[in-house]
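Chemist: Attaching a predicted model along with its sequence, questions to come.
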Amino acid sequence: MSQAAEKSGQGAIKDVRKRYSAGVLKYRQMGYWDADYVPKDTDTICLFRITPQSGVDPIEAAAAVAGESSTATWTVVWTDRLTACDSYRAKAFRVEPVPGIAGQFFAWVAYDIILFEEGSIANMTASLIGNVFSFKPLKAARLEDIRIPVAYVKTFKGPPTGLIVERERLDKFGRPLLGATTKPKLGLSGRNYGRVVYEGLKGGLDFMKDDENINSQPFMHWRDRFLYVMDAVNKASAATGEVKGSYLNVTAATVEDMYERAEFAKELGSVIVMVDLVVGWSTIQSMSNWARRNDMILHMHRAGHGTYTRQKNHGVSFRVIAKWLRLAGVDHLHAGTAVGKLEGDPMTVQGYYNVCRDSYTRQDLPRGLYFDQDWADLRKVMPVASGGIHAGQMHQLLDLFGDDVVLQFGGGTIGHPAGIQAGAVANRVALESMVKARNEGRDIRNQGPEILRRAARFCSPLQQALDTWGEISFNYAPTDSSDYAATAAALT
Amino acid sequence: MMTNPAGRITQGQFSFLPDLSDAEISLQIEYGLKKGYAWSVEYTDDPHPRNTYWEMFGMPMFDLKDAAGVMLELHNCRRTFPQHYIRLMAFDATRGVESIAMSLIVNRPDSEPGFGLVRQETRGRSIRYTVHSYATDRAEGERG
């Protein structure tokens, strides 16, 4: 930083007596802005989207973000001088206007590796999305993306199973997995609930799923659900010769309760248990360790994420949540459908899938990926597409997401006019037909509807599904899309 | 006889579709070869869902780049074991995958006996489940 910059109040103050005299300085004067800073390979780099209050200079705002997410307090403290304080200061090093949106800026901030406890998402998030998001000089802030250094990645164990080993355990290869959420989500007794699970699995699904808010309510105690569901799972396995599973949601009031439920699921021979995102980072990491010790696949339902991921100007992008969850260690993660009923621009959603499945994620601005990310051989997460999708969209889903995904057709299975087994058959036939056609070199994106119609000639349940839902689509403008390329919400 | 909708064991990628013709199987093999996978032929008379290790009909064909060669092995296997289950498996040696990438059943016995479910009542309402292959009721050497 030049002396002229220092004098004008634009740069860090190098004279230590001036720097630490009591009073209030600008964040950029305190050393949280350094345009010449070159991030180290071991630094964590965050990209924030910030909306400064009117009159607040964007560089000062970026420096404030760096300060408030690391060591700064609002005034100068002499006790800084007892420490190697420059190491602990995050450094904003680049600020750019967001293309096409007045008043918003991208700010790049680097964090030294000493700032974060090894293997702790709770610790990392307490810094990065702690005080800073309530900071008054900013109208809004959003953590858009994060580059986590290999050195820090290696302090995490990651998914307990991973998508490769999951496929080996399930003996299912070369096609997406199929699932459905048991419906209605509330009110079924354990016995009625197990009926839905049995019909879906015997019909041809690989998985059934508890919904996020199925825990242990008055209408169905958790033990009752687990007992009936596992009878259904085993009976369906014998009926088809396939390994089957049903995500038993072990989310509960306390971690001790969750361990108790998970132990019971294991005793009954379930291959998979499930937790909701709302249980919190420490619980997620504890359950991940439990799953690793007990040969269990861990399914993560991202309940609650929309409260902070959806609005583009404030919160945390889901791509960041997905990166943290891969480190924290989950095997399945709901990552969007693009074509279904829930929020998601197709390319942005593909970006989340890349974060889950890549060995090395490349920068890809149209998909919202701002950084290269080396995953250092960390196991891969199986993304889950769930919410308002049906057999008639099979070509779009396979084209968008490829083989490594669980496609969950809840209403599209259970709401089938000829019953749940028929719904499952329709989905499985649609899936296998589409995979076969793609492998044969057909252009499924364009020929998909014709491929489905031909398959429906030998499969009347598929014909009924197409007749019922073939025309249903959810074409709304996404709220969260890339700033770097126009994308169409609807793939038709 | 099995009572599931497909009326047969539904392991593998395409068990819900009509049996693939040899020409269709060749296209799948070619797809795998283009991806750099190595194909292998395996057979068993016990398709229990957790019978992981079917017998290998020779080693995976790492250096074979021609679908016709894989089909030749498949034909040999079918001639030798016409009443067994036969599957084609494709291995992907890419770092970070190093596992099976494709798996399809390409031969079945005329009659598929399926499985029984044995329920052993244990503590309280808990039940231990065993999936039992009807095909294994006789000793392995006497089946066939």
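Modeler: Yes, it's here. Numbering: from 1, shown residues only, chains lettered A, B, ... in the order given.
Chemist: Every contact and neighbour count from this point should use C-alpha atoms.
Modeler: Will do.
Chemist: Grab the nearest non-local neighbour of the residue nearest to the spatial centre of chain B.
Modeler: Nearest residue to the geometric centre of chain B (C-alpha atoms, centre = their mean): residue B:87, 3.7 Å. Spatial nearest neighbour of residue B:87, excluding adjacent residues (C-alpha to C-alpha, 6 or more residues apart in numbering or on different chains): residue B:105 at 4.2 Å.
Chemist: what's the neighbour count on that neighbour?
Modeler: Number of residues near residue B:105 (other C-alpha atoms under 10 Å in any protein chain shown) recorded here: 23.
Chemist: quick one: contacts for the residue nearest to the centre of chain B?
Modeler: B:12, B:41-43, B:103-107 (C-alpha atoms under 8 Å, 6 or more residues apart in numbering or on different chains).
Chemist: I'd like those residues laid out as a markdown table, including pLDDT, distance to residue A:165 and secondary structure.
Modeler: Formatted as a markdown table, the contacts of residue B:87 follow (pLDDT from 0 to 100; distance: C-alpha to C-alpha, whole Å; DSSP: H, G, I helix; E, B strand; the rest coil):
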| residue | pLDDT | distance to residue A:165 | secondary structure |
| --- | --- | --- | --- |
| B:12 | 98 | 16 | coil |
| B:41 | 98 | 21 | strand |
| B:42 | 98 | 20 | strand |
| B:43 | 98 | 22 | strand |
| B:103 | 98 | 15 | strand |
| B:104 | 98 | 19 | strand |
| B:105 | 98 | 21 | strand |
| B:106 | 98 | 24 | strand |
| B:107 | 98 | 26 | strand |
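Chemist: Flag every residue of chain B that's near chain A.
Modeler: Contacts of chain B with chain A, taken as C-alpha under 8 Å from any C-alpha of the partner chain, map to B:2-5, B:8-14, B:16-17, B:24, B:27-28, B:31, B:47-50, B:52, B:96-97, B:99-103, B:114-117, B:125-129, B:131-132.
Chemist: hang on, the earlier thing: part of a strand, is the residue nearest to the centre of chain B?
Modeler: Yes - judged by DSSP: H, G, I helix; E, B strand; the rest coil, residue B:87 forms part of a strand.
Chemist: give me the beta-bridge partners of it?
Modeler: Beta-bridge pairing for residue B:87 (DSSP bridges): residue B:42, residue B:105.
Chemist: so how far is chain A from it?
Modeler: 12 Å (C-alpha to the nearest C-alpha, to the nearest Å).
Chemist: quick one on the thing from earlier: could you tell me which of the residues of chain B next to chain A belong to strands?
Modeler: B:99-103, B:115-117, B:127-129, B:131-132 (DSSP state E).
Chemist: neighbours of residue B:64, just the number please.
Modeler: Neighbours of residue B:64 (other C-alpha under 10 Å): 14.
Chemist: Any figure for the gap between it and residue A:122?
Modeler: Between residue B:64 and residue A:122 the computed distance is 50 Å (C-alpha to C-alpha, to the nearest Å).
Chemist: what does residue B:84 give?
Modeler: Separation of residue B:84 from residue A:122 (C-alpha to C-alpha): 53 Å.
Chemist: quick one, which of those two is more surrounded?
Modeler: residue B:84 (21 against 17).
Chemist: Do a quick rundown of the helices in the stretch 351-492 of chain A.
Modeler: A:394-401, A:411-414, A:420-439, A:444-458, A:460-469 (DSSP state H, counting those that start in this stretch).
Chemist: Which positions in the stretch 51-200 of chain A make contact with chain B?
Modeler: So far as C-alpha under 8 Å from any C-alpha goes, the stretch 51-200 of chain A lies against chain B at A:164, A:168, A:171-175.
Chemist: mind running it again at 6 Å?
Modeler: A:173-174 (C-alpha under 6 Å from any C-alpha of the partner chain).
Chemist: In the stretch 51-200 of chain A, what residue lies closest to chain B?
Modeler: The minimum distance from the stretch 51-200 of chain A to chain B, using C-alpha to the nearest C-alpha, falls at residue A:174 (4.4 Å).
Chemist: I figured that residue hits residue B:101, correct?
Modeler: Yes - counting by C-alpha atoms under 6 Å, residue B:101 is a contact partner of residue A:174 at 5.3 Å.
Chemist: can I assume residue A:292 sits in a helix?
Modeler: Yes - assigned with three-state DSSP, residue A:292 falls within a helix.
Chemist: That one and chain B, how far apart?
Modeler: Taken as C-alpha to the nearest C-alpha, the span from residue A:292 to chain B is 19 Å.
Chemist: So for that residue, what's the pLDDT?
Modeler: pLDDT, residue A:292: 98.
Chemist: Same check on residue B:9?
Modeler: With respect to pLDDT, residue B:9 scores 98.
Chemist: How many residues are close by residue A:55?
Modeler: Neighbour count for residue A:55, taken as other C-alpha under 10 Å: 7.
Chemist: Wasn't it part of a strand?
Modeler: No - counting by three-state DSSP, residue A:55 falls outside a strand, being coil.
Chemist: Against residue A:410, how distant is it?
Modeler: Distance from residue A:55 to residue A:410, by C-alpha to C-alpha: 50 Å.
Chemist: Of the ones in strands among the residues of chain B next to chain A, select the buried ones using a PyMOL command.
Modeler: To isolate the buried members of those in PyMOL, using 16 or more other C-alpha atoms under 10 Å in any protein chain shown:
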select buried, chain B and resi 99+100+101+102+103+115+117+127+128+129+131+132
